[in-house]
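Visitor: Okay, predicted coordinates and the sequence, questions at the end:
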2 protein chains.
Amino acid sequence: MGPRFTEIIRKLPPVVPFVPPEALERSNGRLLQVRVGANESAFGISPKARQAMCEAVERVSWYNDPEGYELRTVLAQLHGVEFEQINLGAGIDELLGLMVRLLVQPGDPVVTSLGGYPTFIYHVDGFAGQLHRVPYKDDCEDLQGLAAKACEVGAHLLYVANPDNPMGTWHTAEALRGLIEAMPADCVLILDEAYIEFAPQEAILPMDAEDPRVVRMRTFSKAHGMAGARIGYMIGHRDMGAALDKVRNHFGVNRVAQAGALASLGDEDFVRGVVQEVERGRREYVELAAELGLRTVASATNFVGMDIGAGDRARALMAALLERDVFVRMPGTAPLDRCIRVTVGTAAERAAFAMVLREVLPQIR
Amino acid sequence: MGPRFTEIIRKLPPVVPFVPPEALERSNGRLLQVRVGANESAFGISPKARQAMCEAVERVSWYNDPEGYELRTVLAQLHGVEFEQINLGAGIDELLGLMVRLLVQPGDPVVTSLGGYPTFIYHVDGFAGQLHRVPYKDDCEDLQGLAAKACEVGAHLLYVANPDNPMGTWHTAEALRGLIEAMPADCVLILDEAYIEFAPQEAILPMDAEDPRVVRMRTFSKAHGMAGARIGYMIGHRDMGAALDKVRNHFGVNRVAQAGALASLGDEDFVRGVVQEVERGRREYVELAAELGLRTVASATNFVGMDIGAGDRARALMAALLERDVFVRMPGTAPLDRCIRVTVGTAAERAAFAMVLREVLPQIR
């Protein structure tokens, strides 16, 4: 006799969505020298955010505001939507889990791309949804294929990242509009825009938070450099926010993160500078790859996919880089897994990465 | 046509587990002057924690370690258990939700006290568990009654807070041992020890993380003064941790909180000082109540229940205090609701509270 785990829990296999760089350091027995694998910002946080966060630490004995009033007010103004159409979460990851919980009963169909964001898949598995995966097309999410699959299976939920992770590619607002029109009328699209600050204007779907079928996810983890603070938000219909309020962890978005996010929104110059640095870094990576005879995948994110030709070669390269204390990641699924995914580092990190890559690449079969 | 919410979500009524003081300030149109309602620590955080948290802000562009390796290692040593028997969460609240998710399918029986912690009840409702509530007995959770109810209904999960919130009372380890022996063999006890640092030694159940039926919850929100950082942990059997790992938000415990918690564990003097200050404050509240002819409930926490005689009177007093910008809370259920619950504030806050209470109490019918 012992705990009676639910049927879902009993059937779930053990799983780790991402092995963190810290775990690699522990198994290597030494620190990583170049950490360009987790799409963290190499350009830190805004000085205004830093100051606000340290000030918030002074009052961290108080609970955070569970309504996130100040931050949501500013975000609503920023996006030209209503306060109730903004909902905070402890990163997009938490919001993805909550969206699945709201919309997916065991066996309900959910559509995503084959090789898409593992944490979304993790949450669908965690609520026993029935996953249907559509292969990428030319390293892009196949919007027509996704819409067709959603219609075919009667999907409750459809996940698209724009720009995409792990490939970095993007679709235009017009193409996304086509997807929304083609998907079933009772399907909800999660549009994960974690990397949207790095994308061209044409990739940004006009804001329409009255549409109950589209939920957009944004984060402070990337361009704002606050990955370790855990704060993201959702823009969507107020009914979705009301449903979230029925089950979410109301005090889950910590005080320091709320203060930092608010301050970072007030420092547009900083974020603009980060985006420019990232563009410079992407160009460097493209030139580096060209020099070494590698193709790159066009990216609208803070990382670049370098095409190593085949999954085995890419895995061998990733291992060889790790052996030299350089941390990168790669897609888990063919044919995407012919690439390694390299986050734009600082100028020094890019130089260090380039040096090591030039050395180890020739040794890869 | 629109989103197809799950049956559970459709049936759940809108609910707010706690109205935060910030919402009271917004509806009042002015700031609270004495915030002694949410059992937040009036004595802040350790200087070591403050420094560690500000340093962590410098690296907040990096994701936190999802394995929480350093902190769990230290906690395991502290409690004399294995690393795998410690699991972190974004506060006890998040861990409560996850425990319900692991063990409660729709309709499964869950036992708690009538008037017990609202957030646990919120999570049980959120997973459509069948709640059975046992009345308090002499302002204490009725351990025999809870065990009997758990046997009667075949509870999957049983929640007890020791010391208790909202009453502040406590049971001895021996009494808890009796509860564990009397409850069904396949029932899991969540022992919420959020306030354990303030309790006498006799209230602390000896550590036995090999028992799969007992899960203990601890937090940095109270004695460590880190409520706004969102970090707590669970001590329990490794099978429980393994199950958690299948569904938890792996990157959910932010970097700043992990760093602060680690540093705070290294400052035992600070926490000891907080506990002493809280004891002094409790004595002051007892004396104040006696001066005003009020009974108090014996407390092993950082708050004191003052008996106002009846629910209507207590609610009127709470409203009158709020009118004077003094924030307290009170239990939501009779007969507990004859009390207001006053958190131990700083000496200045206690003096301000006493002054206002002396003025408004005579006006309450």
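Guide: Structure's in. What do you need? Numbers count the residues shown, from 1 in each chain, chains lettered A, B, ... in the order given.

Visitor: so residue A:134 makes contact with residue A:149?
Guide: Yes - under the criterion of C-beta atoms under 8 Å, residue A:134 is in contact with residue A:149, at a separation of 5.0 Å. For the C-beta atoms, the positions are set from N, CA and C on the backbone; glycine is no exception.

Visitor: between the two, what contacts are shared?
Guide: residue A:111 (C-beta atoms under 8 Å, 6 or more residues apart in numbering or on different chains).

Visitor: part of a helix, is residue A:271?
Guide: Yes - Residue A:271 sits within a helix when classified using DSSP: H, G, I helix; E, B strand; the rest coil.

Visitor: So it versus residue A:145, what's the distance?
Guide: Counting by C-beta to C-beta, to the nearest Å, the separation of residue A:271 from residue A:145 is 34 Å.

Visitor: of these two, who's got more company?
Guide: Using other C-beta atoms under 10 Å in any protein chain shown as the criterion, residue A:271 and residue A:145 rank with residue A:271 on top: 20 against 16.

Visitor: mind checking which helix or strand the closest residue to the more buried one other than its chain neighbours is in?
Guide: Distance criterion C-beta to C-beta, 6 or more residues apart in numbering or on different chains; nearest residue to residue A:271, sequence neighbours excluded, is residue A:223 at 5.2 Å. Per DSSP states H and E, residue A:223 falls between elements, in no helix or strand.

Visitor: Just list the residues touching residue A:223, thanks.
Guide: Contacts for residue A:223 (C-beta under 8 Å, 6+ apart) come out as A:41, A:195, A:197, A:198, A:271, A:274, A:275, A:278, A:302.

Visitor: now, which of these sits nearest chain B?
Guide: residue A:41 (4.6 Å; C-beta to the nearest C-beta).

Visitor: That closest one against residue A:222, yeah?
Guide: Yes - using C-beta under 8 Å, residue A:41 is in contact with residue A:222, at 6.2 Å.

Visitor: Which one's more surrounded, the two?
Guide: Using other C-beta under 10 Å as the criterion, residue A:41 and residue A:222 rank with residue A:222 on top: 29 against 26.

Visitor: that older thread, overlap in contacts of residue A:41 and residue A:222?
Guide: Common neighbours of residue A:41 and residue A:222 (C-beta under 8 Å, 6+ apart) are residue A:302.

Visitor: Quick one: the helices in chain A, in order.
Guide: A:7-11, A:21-28, A:47-58, A:69-79, A:92-103, A:118-126, A:143-153, A:173-182, A:238-245, A:255-265, A:268-291, A:311-323, A:347-360 (DSSP state H).

Visitor: Give me the local confidence score for residue A:133.
Guide: pLDDT for residue A:133: 98.

Visitor: who does it bridge with?
Guide: Residue A:133 has the following beta-bridge partners by DSSP bridges: residue A:112.

Visitor: In contact with residue A:278, which residues?
Guide: A:43, A:198, A:223, A:302, A:344.

Visitor: mind running it again at 10 Å?
Guide: Applying C-beta atoms under 10 Å, 6 or more residues apart in numbering or on different chains to residue A:278 gives the contacts A:41-43, A:195, A:197-198, A:222-223, A:299, A:301-303, A:343-344.

Visitor: Farthest-apart pair in these, please.
Guide: Of all pairs drawn from those, the greatest distance, 16.5 Å, lies between A:43 and A:299 (C-beta to C-beta).

Visitor: between the two, which one's more packed in?
Guide: Using other C-beta under 10 Å, the more surrounded residue of residue A:43 and residue A:299 is residue A:299, with 26 against 23.

Visitor: What's the separation between that one and chain B?
Guide: Look at residue A:299 and chain B: by C-beta to the nearest C-beta, to the nearest Å, they are 19 Å apart.

Visitor: again with residue A:130
Guide: 14 Å.

Visitor: Report how many residues lie close to the closest residue to that residue other than its chain neighbours.
Guide: Spatial nearest neighbour of residue A:130, chain neighbours left out: residue A:109 (4.9 Å); criterion: C-beta to C-beta, 6+ apart. Counted with other C-beta under 10 Å, residues neighbouring residue A:109 total 20.

Visitor: dump the residue contacts of the nearest residue to residue A:146 once chain neighbours are set aside.
Guide: Spatial nearest neighbour of residue A:146, chain neighbours left out: residue A:134 (5.0 Å); criterion: C-beta to C-beta, 6+ apart. If a contact means C-beta under 10 Å, 6+ apart, then residue A:134 has A:111-116, A:141-150, A:158 as its contacts.

Visitor: 8 Å instead, please
Guide: Applying C-beta under 8 Å, 6+ apart to residue A:134 gives the contacts A:111, A:112, A:113, A:114, A:141, A:142, A:145, A:146, A:149.

Visitor: Now do the residue lying farthest from the centre of chain A, the pLDDT please.
Guide: What lies farthest from the middle of chain A is residue A:1; by C-alpha atoms, centre = their mean that is 41.2 Å. Residue A:1 is assigned 72 on the pLDDT scale.

Visitor: wait, doesn't it sit right on residue B:185?
Guide: Yes - counting by C-beta under 8 Å, residue A:1 does reach residue B:185; the two are 3.9 Å apart.

Visitor: re the thing from before, I'd like the helices of chain A written out as a markdown table, with mean pLDDT added.
Guide: Below are these laid out as a markdown table (pLDDT from 0 to 100):
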| stretch | mean pLDDT |
| --- | --- |
| helix A:7-11 | 97 |
| helix A:21-28 | 95 |
| helix A:47-58 | 98 |
| helix A:69-79 | 98 |
| helix A:92-103 | 98 |
| helix A:118-126 | 97 |
| helix A:143-153 | 98 |
| helix A:173-182 | 98 |
| helix A:238-245 | 97 |
| helix A:255-265 | 98 |
| helix A:268-291 | 98 |
| helix A:311-323 | 97 |
| helix A:347-360 | 98 |
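
Visitor: Distance to residue B:331 for the ones you listed - can I get that in a markdown table?
Guide: Output for those, formatted as a markdown table (distance: least, C-beta to C-beta, whole Å):
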| stretch | distance to residue B:331 |
| --- | --- |
| helix A:7-11 | 33 |
| helix A:21-28 | 43 |
| helix A:47-58 | 31 |
| helix A:69-79 | 26 |
| helix A:92-103 | 29 |
| helix A:118-126 | 35 |
| helix A:143-153 | 48 |
| helix A:173-182 | 48 |
| helix A:238-245 | 23 |
| helix A:255-265 | 26 |
| helix A:268-291 | 46 |
| helix A:311-323 | 55 |
| helix A:347-360 | 55 |
